[in-house]
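1. kindly generate the corresponding structure for this input.
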Amino acid sequence: MKRRKHSKEFKLQVVKEALEVGNKALVARRYELSPNLVQRWVKAYEEGKLGQEMVS
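-> Below you'll find the model as predicted:
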């Protein structure tokens, strides 16, 4: 499988949806992503490493 490069905007969209829905695995399936990847993005967001200023 080829690695994909995701934009910061896309990552923030996925993180925002995962936090709103409360189910990271469901959101991962919706975007055809690994649940572990979504978890890492959420953790980075919560630690302030993903640009929180872009998500309201």
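2. pLDDT weak spots in the protein?
-> Low-confidence segments of the chain (pLDDT under 70): 1-2, 52-56.
3. what's the biggest helix in the chain, counting residues?
-> helix 8-21 (DSSP state H).
4. ok, now how distant is the spatially closest residue to Val21 that is not a sequence neighbour from Trp41?
-> Distances taken as Cβ to Cβ, 6 or more residues apart in numbering place Val27 nearest to Val21, at 5.8 Å, with adjacent residues excluded. Quick note: C-beta positions are derived from backbone N, CA and C, even for glycine. Between Val27 and Trp41 the computed distance is 10 Å (Cβ to Cβ, to the nearest Å).
5. common neighbours of the two, please.
-> Val14, Ala18 (Cβ atoms under 8 Å, 6 or more residues apart in numbering).
6. picking up where we left off before, pretty sure the residue nearest to Val21 is touching Lys11, no?
-> No - Val27 lies out of contact with Lys11 (Cβ atoms under 8 Å); the separation is 11.8 Å.
7. thanks again, I'm all set now.
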